[in-house]
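Chemist: Next come a sequence and a model predicted from it.
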Amino acid sequence: MSPISRSTPARLTASATAKLPRLVLLGLSLAYILAGLFMRDPWKTEDAVGLATMITAFREGGSTWLLPQVGQLAFAQEGPLLTWAGAVCIALFGPWLGEITAGRLPNLLWFGITTVSVWYGTYLVGRRAEAQPLALPFGGEPAPRDYGRMLADAALLLLLATVGILQRTHETSVVPAIMAWQALAFYGMARTLDRPLSGVITLGVALAAAFLTRGWVGALPIMLGTLVAFAPRSALWARRYWLAGAIAVAAVLILAWWIPASHGSSYWIDNWKTWNLASFSWPSWSDIGRTARDLPWYLWPTWPLALLAVWRWRDWVFAPHIWLALGLALFAAGELVFLSEPTEAEYILLVVPCAILGAFSLPTLRRGVVNTLDWFAIMCFSLTVATAWLGWIALHFGWPAQIARNIARQTTGYEPTISWFAFALALIVTAAWTVLVAWRLRSKPLALWRGTVLSASGLTATWILLVLLWQPAVDYARSYRDVSAELKTALDQHRRPGECVRGLSVGSGQRASLLIFDNLTLSYDSRCALVLQQTTRERLRDGQAAFSEGATELWRGGRRADRHEIFRLLRIDQSR
């Protein structure tokens, strides 16, 4: 019996594949990515460091384009692609938008690549014969194109509904970029099935871009997943000779950077190699336990659906609609076991394959199960929407008292003011969510994408409310803008002509913030008479901070919302 003649687990009627209006999908996607991307300060570490490498390349030029730096700090991690994209945007749009806003424009590109690749890749494999639902005795099953389109819509909506990526897709870091290249690799493999030339070129570009974005940590699971996609029992086995073309394209693009970079700075390259090697380690039970604890929340709600899809389609595991995404997911999960302290930057590589696999579980679900998922989405996100409003009320009006006290501890010194424009927009978003819930309860639609629309819309509505109602307070708590301005004023008062400032225990995120806001660069020269020290109030109190004696303190400051972190500008007596 040929594979196509076997009974598939999918059961679906044509009415369940009713077309989702394109404007709904486009509008929801734009609302998701635009909210919280602009009109805020860069936040700690990854967000600030990514932006700082872009600004350094734009301001300094030269080798900082080839080898990313944060001021004088060699950022010998990951890769240069994020820096290139941001620096180009700053050069083109910075004079009109400002450097911070222009540096965030590549996030639109990463999001666009991700969503388009997920949609079209899922559509290509979803319309194939292996993925089609069981033919009904008297007809009425969906047409292959309608079925593929419905699955593509569901995959994209499940991607937007994934809880863990919400904040990270809005950061100027490698996280949204590496997700984009994995999604493009999936599309390239799906395209290779019917148009091998364009497919392998796309695949090669995606593999090279993954390496140039995050080194071996980001590229290895995608590359291994690609190799497994061409396994003997898979549909791509017939196209296996084309794989050499993808490898050649990737190798040429990678070497175009690697050769000049190797000759540019052996120090940078050696540290880059060290970072890549140090990122891997033998499995640790503590790391595995922490990953097992965090990952289900990060991947909610796609991971249960993805596991269900693999189980329901187990007899079709080598079919492209399962095998391509499953290979990417398996190696992304496997890498987590061999990483030292895996974080969300590695979890991200499970998001795209889980969303795609999750979409293929939907046609196998009974109607009662789908309705239960709808109700869960309604209750869950109605609660998060209400919580966003409750927190805003507590912040501005002091009720409920316990919540207000908890917020006050995190925003010490903050004086909230109501933006009536943001308040009005928040009311509109809340009303839109209410209308969507009413539509689901009143109309009882048959379309299979209804639950994914509820989940994606609910999460997006919650995010928009948090941005509209909470962003000023979050900016106050996490931004270093005021600290940087105070330090610059102190330097203008106390720095003598030609003096440099050395950083002591200053984190990469703090270095990046000082560079972004006031172009303050910290040196590594031990002869610098001025020292900016980052320490804690507890260490200063106990006399454990460096230069507790023998140095003149010129300035002390820090974020008022942080009860521990403190900065000191010191003048060291060079005669000692």
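Modeler: Received it, and whenever you're ready, just let me know what you need. Numbering: from 1, shown residues only.

Chemist: Does anything pack onto the lowest-mean-pLDDT helix or strand in the chain? Which helices or strands?
Modeler: Least confident helix or strand, the chain: helix 537-541 with a mean of 85, by mean pLDDT, DSSP states H and E. Helix 537-541 sits against strand 565-572, with contacts defined as 3 or more C-beta pairs under 8 Å, 6 or more residues apart in numbering; DSSP states H and E. Glycine gets a C-beta too; all of them are placed from N, C-alpha and C.

Chemist: Tell me the strands beside the strand it packs on, with direction?
Modeler: Strand pairing for strand 565-572, using DSSP bridges, gives strand 530-536 (antiparallel), strand 551-557 (antiparallel).

Chemist: Figure out how far that strand is from the centre of its chain.
Modeler: Distance of strand 565-572 from the chain centroid (C-alpha atoms, centre = their mean, to the nearest Å) equals 34 Å.

Chemist: Which element is encountered next along the chain beyond whichever strand or helix holds residue 100?
Modeler: Per DSSP states H and E, residue 100 falls inside helix 99-103. The helix or strand immediately downstream of helix 99-103 is helix 105-126, counting by DSSP H and E.

Chemist: With just CA atoms, put that next one into PDB.
Modeler: Below are the C-alpha coordinates for helix 105-126, written out as PDB (Å, rounded to 0.1, in the frame of the first residue of the first chain):
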ATOM      1  CA  LEU A 105      14.100  48.700  12.200                       C
ATOM      2  CA  PRO A 106      15.800  45.300  11.500                       C
ATOM      3  CA  ASN A 107      13.300  43.800  13.900                       C
ATOM      4  CA  LEU A 108      10.700  44.400  11.300                       C
ATOM      5  CA  LEU A 109      12.800  42.500   8.800                       C
ATOM      6  CA  TRP A 110      13.400  39.600  11.200                       C
ATOM      7  CA  PHE A 111       9.700  39.400  12.000                       C
ATOM      8  CA  GLY A 112       8.700  39.600   8.300                       C
ATOM      9  CA  ILE A 113      11.100  36.800   7.300                       C
ATOM     10  CA  THR A 114       9.800  34.700  10.200                       C
ATOM     11  CA  THR A 115       6.100  35.100   9.500                       C
ATOM     12  CA  VAL A 116       6.300  34.900   5.700                       C
ATOM     13  CA  SER A 117       8.600  31.800   5.900                       C
ATOM     14  CA  VAL A 118       6.300  30.000   8.400                       C
ATOM     15  CA  TRP A 119       3.200  30.800   6.400                       C
ATOM     16  CA  TYR A 120       4.500  29.800   2.900                       C
ATOM     17  CA  GLY A 121       6.500  26.900   4.200                       C
ATOM     18  CA  THR A 122       3.500  25.400   6.000                       C
ATOM     19  CA  TYR A 123       1.300  26.100   2.900                       C
ATOM     20  CA  LEU A 124       3.700  24.300   0.600                       C
ATOM     21  CA  VAL A 125       3.900  21.100   2.700                       C
ATOM     22  CA  GLY A 126       0.200  21.400   3.800                       C
END
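
Chemist: how about it: buried residues?
Modeler: Buried residues in helix 105-126, counted by 16 or more other C-beta atoms under 10 Å: 105-107, 110-111, 113-126.

Chemist: This protein - how does it break down into domains?
Modeler: 3-364, 367-478, 481-572 (automatic domain parsing).

Chemist: give the contact list for residue 522.
Modeler: 71, 72, 73, 501, 502, 503, 506, 511, 514, 532 (C-beta atoms under 8 Å, 6 or more residues apart in numbering).

Chemist: and the closest residue to the third one other than its chain neighbours, how many residues sit next to it?
Modeler: Yep, that's residue 73 we're talking about. Spatial nearest neighbour of residue 73, chain neighbours left out: residue 511 (5.9 Å); criterion: C-beta to C-beta, 6 or more residues apart in numbering. When neighbours are counted by other C-beta atoms under 10 Å, residue 511 registers 24.

Chemist: where does residue 511 land on pLDDT?
Modeler: At residue 511, the model reports a pLDDT of 93.

Chemist: tell me which strands and helices the strand or helix carrying it is in contact with?
Modeler: Applying DSSP H and E as the criterion places residue 511 in helix 508-518. Judged by 3+ C-beta pairs under 8 Å, 6+ apart, the packing partners of helix 508-518 are helix 46-60, strand 69-70, helix 481-494.
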